[in-house]
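Asks: fold the following and give me the result.
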Amino acid sequence: MKKHELIFWAVKVPLDFLIIFGSFFVAREVRLITDLIPGIQLPVQTIDTLHLINFAFFAAVLYIITFALHKLYFLQIFNSKVKEFFEIIRYSFYAFIFFSVVIFLSKWIIYETEIPRLIIGFAFFFGTIWIILERIFLNNFQYSLLKKWIIPKRKILLINNNSFEKIEHIITDIKQANIYKIIWYVHSEKLEDFPYKYKGGINDIQTLLEKKKCDEILYIDSDFSKKELFTLWELSRIFWVRYRYITNSFDVTKTNTSLSLINNVPVIELENTSLNNWGKIWKRLFDIFAAFFWIILSLPLMLLIWILIKIEDPKWPTFFKNRRVWEKWEMFNLYKFRYMKWKYCIKDAYGIENNDDDALKFEEELIEKQSSRSGPLYKIKNDPRKTKIWNFIEKYSLDEIPQFFNIFLWDMSLVWPRPHQPREVEKYTLEERRLLTIKPGLTGMAQVNGREENDFKKETLLDIFYIENWSFLLDFKIILKTFSVVIARIKK
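Replies: Sure thing, here's the model as predicted:
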């Protein structure tokens, strides 16, 4: 662990102590003003400062011990921040329950002055929120220092036998993280045209680790034997160096396994996704609630956009239907705000055959001449079909708002890979057809990790990773990141 990681690790303990200790005094002041229960005013109860100090000190110590036992004082900005926040909430609740039980059982044995229960509840509520805000500040501050090279970045040693061209996307992603520095690569022999220093074979790694020359080992690919790779893994543990490897599709799916029997023969099944039956039910209930909430919330905005579209191009409809392919190659109509003139809209969803659709022919000409993307998907630069409102609603993703109706009708989910048009799906490779094994979504892994900057291959890899590693926590992270992506586009 680097010195700056130790500093950030150590500073959390006194900060958390002060936050919890101080939250009891804030809670007492809030309780003197209100009980925060609408329509009910409970009798005001308080406690003197001397006794409150004793309770606050005990709670702060208990809080620190609880967090320490559950490893919440290991500052790793490389781990999931959302998971860290959920862990803080979880163990704060445990500390609150334990504190309340101890206070209840100790009354008249250790102390006589009672602390009001609402003060305890307020204190732990305020303390938890403030500690999460503290973590956000510390994480962002450390990341900013790393990005500006004020504190040293983590040095990575690559285990690789691929050409630079094959792994350029991996190298680019590592650079964009701004917290890593690739120093060397190790292989049985030197690679031609590889832009990093060659440091020998497997036997040279121990010397590097002994001299603390790297912080992480990233395994991409090699022709090392299983024995050599086991030795490499052992060395990383002996010298306390983080060891990670790039997975392929099979490696990832190995986590989605279940044990069953064929008669009396035990077998392991590789599952397509970790989304089980109960997961589907809860995901669907969340989709219904979220779609209904956002439809109601966005009604005034939808009305405004509807009026602006009608003013510029009075022809109907304002909501545009576009044919998309979903689970198991079935078709559905995806709803969007019409941000191009009606005569240019593809009308296959309105019963007009493709061969008779002049708008489709014109779009195919534009794709051939002006598309900025390769592969099945297209992105037309300087599109002449756009209306004046196009830039506004596309920049802020407002054209996607009507898709909450698709979610409510169960054509889509809030989070899954984005759906594509039939003529795009026809160009899928066999591997890319994995995207059609589940329902499509409003946002997804690829939309919050590069969006249009991704080529279709990278987008597919991101979406397949999501399918194979689905969890509610991952959904929540994607939803939060979607908001940050939209806000970032607004600021541009």
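Asks: CA atoms for contacts and neighbours, from now on please.
Replies: Noted.
Asks: separation between the closest residue to Asn272 other than its chain neighbours and His51?
Replies: Distance criterion Cα to Cα, 6 or more residues apart in numbering; nearest residue to Asn272, sequence neighbours excluded, is Glu468 at 6.2 Å. Counting by Cα to Cα, to the nearest Å, the gap from Glu468 to His51 is 54 Å.
Asks: in terms of neighbours, single out the busier of these two.
Replies: Glu468 (20 against 14; other Cα atoms under 10 Å).
Asks: measure the more buried one to Tyr243 for me?
Replies: 22 Å.
Asks: the stretch 151-300 of the chain: strands as residue ranges?
Replies: 154-159, 180-186, 197-198, 216-219, 242-245, 257-262, 265-270 (DSSP state E, counting those that start in this stretch).
Asks: which elements pack onto the fifth one?
Replies: On a contact count with 3 or more Cα pairs under 8 Å, 6 or more residues apart in numbering; DSSP states H and E, strand 242-245 meets strand 216-219, helix 226-238.
Asks: just put those in JSON lines and tack on distance to Pro402, mean pLDDT and mean neighbour count.
Replies: Shown next, in JSON lines, are the helices and strands packed on strand 242-245 (distance: least, Cα to Cα, whole Å; pLDDT from 0 to 100; neighbours: other Cα atoms under 10 Å):
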{"stretch": "strand 216-219", "distance to Pro402": "43", "mean pLDDT": "88", "mean neighbour count": "20"}
{"stretch": "helix 226-238", "distance to Pro402": "51", "mean pLDDT": "84", "mean neighbour count": "14"}
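Asks: just tell me which of those ends up closest to Ile97.
Replies: Minimum separation from Ile97 across these (Cα to Cα) falls at helix 226-238, 37.5 Å.
Asks: find the nearest non-adjacent residue to Ser298, please.
Replies: Here the residue nearest Ser298, using Cα to Cα, 6+ apart, is Ile401, at 7.9 Å.
Asks: do a quick rundown of the strands in the stretch 301-450 of the chain.
Replies: Using DSSP E, counting those that start in this stretch, strands in the stretch 301-450 of the chain cover 319-325, 331-337, 413-415, 441-443.
Asks: turn those into JSON lines, including mean pLDDT.
Replies: Compiled in JSON lines, the strands of the stretch 301-450 of the chain are given as follows (pLDDT from 0 to 100):
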{"stretch": "strand 319-325", "mean pLDDT": "88"}
{"stretch": "strand 331-337", "mean pLDDT": "91"}
{"stretch": "strand 413-415", "mean pLDDT": "94"}
{"stretch": "strand 441-443", "mean pLDDT": "93"}
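Asks: need the winner for burial among the ones you listed.
Replies: strand 413-415 (a mean of 25; mean count of other Cα atoms under 10 Å).
Asks: and that strand, what does it pack onto?
Replies: Short answer (3+ Cα pairs under 8 Å, 6+ apart): strand 413-415 packs on helix 277-297, helix 403-408, strand 441-443, helix 472-491.
Asks: Glu271: which of these is closest?
Replies: Nearest of the helices and strands packed on strand 413-415 (Cα to Cα): helix 277-297, 12.8 Å.
Asks: pull out the buried residues from that closest one.
Replies: For helix 277-297, a neighbour-count test (16 or more other Cα atoms under 10 Å) marks Lys283, Arg284, Asp287, Ile288, Ala291, Ile295 as buried.
Asks: show me the contacts for the closest residue to the fourth one other than its chain neighbours.
Replies: In this case it means Ile288. In space, and not counting its chain neighbours, Ile288 is closest to Phe408: 5.4 Å by Cα to Cα, 6+ apart. Counting by Cα atoms under 8 Å, 6 or more residues apart in numbering, Phe408 touches Asp287, Ile288, Ala291, Phe292.
Asks: let me know the angle separating the helix or strand Gly127 falls within from strand 180-186.
Replies: Assigned by DSSP states H and E, Gly127 belongs to helix 117-147. Relative orientation of helix 117-147 and strand 180-186, computed by axes from the mean of the first three to the mean of the last three Cα atoms, to 10 degrees: 60 degrees.
Asks: and Lys83, how many neighbours?
Replies: Residues near Lys83, counting by other Cα under 10 Å: 14.
Asks: correct me if wrong: it contacts Leu473.
Replies: Yes. Using Cα atoms under 8 Å, Lys83 is in contact with Leu473, at 7.3 Å.
Asks: find residues that contact each of those two.
Replies: Between them, Lys83 and Leu473 share no contacting residue, judged by Cα under 8 Å, 6+ apart.
Asks: ok, back up a step: could the helices and strands packed on strand 413-415 go into TSV alongside distance to Glu459?
Replies: Putting the helices and strands packed on strand 413-415 into TSV (distance: least, Cα to Cα, whole Å) gives the following:
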stretch	distance to Glu459
helix 277-297	23
helix 403-408	21
strand 441-443	12
helix 472-491	15
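Asks: and the ones you listed: which comes nearest Glu29?
Replies: That would be, of those and by Cα to Cα, helix 472-491, which comes in at 33.1 Å.
Asks: which other helices and strands does the closest one contact?
Replies: Helix 472-491 packs on helix 81-106, strand 413-415, strand 441-443, going by 3+ Cα pairs under 8 Å, 6+ apart.
Asks: most tightly packed of these?
Replies: strand 413-415 (a mean of 25).
Asks: how far away from the center of its chain is that strand?
Replies: Computed by Cα atoms, centre = their mean, to the nearest Å, the chain-centroid distance of strand 413-415 equals 14 Å.
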